[in-house]
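Participant: pasting the sequence and the predicted model now:
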Amino acid sequence: NKAVVYWNRDLCEVRIHSLIDGGQDFVCQFDFASLCSFYDALPNDDERILKYHDLVRLSDLSPIEREQFLQHVRRRTNVPLTVLRKGLVNRGAVLTHHEMGEEYLESIERPMYTDGVFWRASNDSPIWTSYADEKCIADIGGKFKEQNYCKKTPEYRGILVSAQSQAFVEAYFGKAPVGVACGPRFYSLQGDELIDEPLTKDHRQRFTLECEIDDRPPERFLAFAYECFEGTDAAQLDRLQELFGVTITGIGHQFQKAFFLFGPGASGKSTMLSILCSFVPEDFIAATPPNLWGRAYESASIAGMRLIAVGEGESVMLGEAFKSYTGGDRQSARQPAGRVFTHRPSATVVINANGFPHLSESSIAMIRRLEALLFPNSRAMSGKPLTRNLAEQIIAAEQGRILHWALGGARRVLKQNGYTPSVQHDEYIDTWKRRANPVVAFVEEYLEPSDGAKLKRSDVYPYFQMWAIREDLDEIPPKGEVFEKLEE
């Protein structure tokens, strides 16, 4: 009752007005400990009393003490750090890149950073949406324009890199529940059951399909598939169902395979691929060929994708980059003018091909990554008329039915931990392997062990040439390459 503590706005000071000794004013001086104690003693309902963000400016606190005090205030008042720090910025406090990065994260509701991009969701908006680096840099430049260390583009990028490091989560979407989002619902595969539940951000979905699941059979689609696979074994349709299922649910990368749709022109490959692509938004489909995956910028183009769909694959080379990606290895990438980042493979790989793509090797590690779907029936060769816009017609009429059918394929793959075996697949892959390394095939078919008989070195290559002509090889390797592979 002998003094009043108040905030002098003109002098920007905390003062004590004494009710005795002639009513003199005294300036308050605080160290860190007494500052916190004084703050805790303030009545919450007295607006004349010092505000939390003004207190910090009066004290001669180090950056660490200032941060400790802000945490102290936040615990007591539940006021977000963003609001607390805004008081500091408005009063000339100098923030480091780390502090500005943290404040920026608070201002966009604490996103997480994965696959080279910021992602944000909430229970009100459960679909995770991305923030492009360019937008982040523009936001940072505007938000911290009064700060000493936020004046030029390199400084904006430095703040962004700090924010990215603080929010980094590896392979976040690769650990999502197995299922598909349709509108406000999530359909998850749990054993043999399809569970329908409200979609939340914990489902880690980056897009939702607009169609509704329909458990009726997709009759027109299946008729088209039967025509494509006529003359092949029954497993081809099961494997197609499994391919659709793992792509839609986002688990295709877990099985370390790439699907190759083989067949002549007008055999339905492209139409089938278009129908598959209708279940994945364009932002999550890449068309980068495998021979480019080892380059930093091209690797960034496939980061976080759900589907890699390559239209003409017979001219590509499948090498170390293909083997690394399908094998699930961590990939290094870089956005143009951006930072280097790493990502985990997340896409189902589907490649259309009229003939065999080139293999850099025919090792077991390479061959086991190849899955073949055969489309042997060409309408152009048989004289049957082509149906224009067939994919669009099937999608419009039966997308919900195809979705339900595809989820049955995903369920089967999970249950048997792999794709359905196919005799024709095995035969086709064996032929591909022989063409990739004809010397191995020549030795296995043409030569046999002998205790005493010998074959002259000068006779080996002519025999190999005759064998290669009989096998109709596209290209006969030169003599030096043949002997080098024989020695291996």
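Facilitator: Yes, it's here. Numbering: from 1, shown residues only.
Participant: buried ones in stretch 329-336?
Facilitator: Using 16 or more other Cβ atoms under 10 Å as the test for burial, stretch 329-336 gives 331, 333, 335. Yep, even glycine has a C-beta here, placed from its N, CA and C like the rest.
Participant: first-to-last residue distance for that stretch?
Facilitator: Stretch 329-336 stretches 22 Å from its first residue to its last (Cα to Cα, to the nearest Å).
Participant: likewise for stretch 448-468?
Facilitator: End-to-end distance for stretch 448-468: 17 Å, by Cα to Cα.
Participant: and the contacts of stretch 351-370?
Facilitator: 256-265, 269-270, 273, 290, 309-320, 322-323, 326-327, 429, 431-433, 435-437, 440 (Cβ atoms under 8 Å, 6 or more residues apart in numbering).
Participant: which of the residues you listed count as buried?
Facilitator: Buried residues within these, defined by neighbour count using 16+ other Cβ under 10 Å: 257-263, 269-270, 273, 290, 309-310, 313, 316, 318-319, 322-323, 326, 429, 432-433, 435-437.
Participant: which of those fall in helices?
Facilitator: Among the buried ones among the contacts of stretch 351-370, DSSP state H puts 269-270, 273, 322-323, 326, 429, 432-433, 435-436 in helices.
Participant: which helix in this protein runs the most residues?
Facilitator: helix 390-416.
Participant: now that one: average pLDDT?
Facilitator: The pLDDT scores in helix 390-416 average 96.
Participant: name the helices or strands packed onto it?
Facilitator: Here helix 390-416 touches strand 179-182, strand 185-190, helix 219-228, helix 235-249, helix 269-277, going by 3 or more Cβ pairs under 8 Å, 6 or more residues apart in numbering; DSSP states H and E.
Participant: could you export those to JSON lines, including columns for distance to residue 148 and mean pLDDT?
Facilitator: Shown next, in JSON lines, are the helices and strands packed on helix 390-416 (distance: least, Cβ to Cβ, whole Å; pLDDT from 0 to 100):
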{"stretch": "strand 179-182", "distance to residue 148": "45", "mean pLDDT": "96"}
{"stretch": "strand 185-190", "distance to residue 148": "47", "mean pLDDT": "94"}
{"stretch": "helix 219-228", "distance to residue 148": "62", "mean pLDDT": "96"}
{"stretch": "helix 235-249", "distance to residue 148": "50", "mean pLDDT": "97"}
{"stretch": "helix 269-277", "distance to residue 148": "50", "mean pLDDT": "96"}
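Participant: hang on, the earlier thing: give me the distance from the longest helix of the chain to the chain's centre.
Facilitator: Chain-centre distance of helix 390-416: 22 Å, with Cα atoms, centre = their mean, to the nearest Å.
Participant: list the buried residues for that helix?
Facilitator: Residues of helix 390-416 classed as buried: 390-391, 394-395, 398-414 (neighbour count, 16+ other Cβ under 10 Å).
Participant: between it and helix 235-249, how many degrees?
Facilitator: Helix 390-416 and helix 235-249 are oriented at 90 degrees to each other (axes from the mean of the first three to the mean of the last three Cα atoms, to 10 degrees).
Participant: same list (the ones in helices among the buried ones among the contacts of stretch 351-370) but as a markdown table, adding distance to residue 358.
Facilitator: Putting these into a markdown table (distance: Cβ to Cβ, whole Å) gives the following:
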| residue | distance to residue 358 |
| --- | --- |
| 269 | 19 |
| 270 | 21 |
| 273 | 21 |
| 322 | 11 |
| 323 | 13 |
| 326 | 16 |
| 429 | 15 |
| 432 | 10 |
| 433 | 13 |
| 435 | 9 |
| 436 | 8 |
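Participant: which intervals of the stretch 251-400 of the chain have sub-threshold pLDDT?
Facilitator: Within the stretch 251-400 of the chain, no stretch falls below the threshold (pLDDT under 70).
Participant: repeat for the stretch 101-250 of the chain
Facilitator: Across the stretch 101-250 of the chain, nothing is flagged by pLDDT under 70.
Participant: just the ones in strands from the buried residues of stretch 329-336, please.
Facilitator: Using DSSP state E, 331, 333 are the members of the buried residues of stretch 329-336 that sit in strands.
Participant: which one of the buried residues of stretch 329-336 is nearest residue 127?
Facilitator: Among these, residue 335 lies closest to residue 127 (Cβ to Cβ), at 22.6 Å.
Participant: if I look at the closest residue to that closest one other than its chain neighbours, how far off is residue 342?
Facilitator: In space, and not counting its chain neighbours, residue 335 is closest to residue 300: 5.1 Å by Cβ to Cβ, 6 or more residues apart in numbering. Residue 300 sits 11 Å away from residue 342, taking Cβ to Cβ, to the nearest Å as the criterion.
Participant: spit out the residues that contact these two alike.
Facilitator: Taking Cβ under 8 Å, 6+ apart as the contact rule, residue 300 and residue 342 both touch residue 333.
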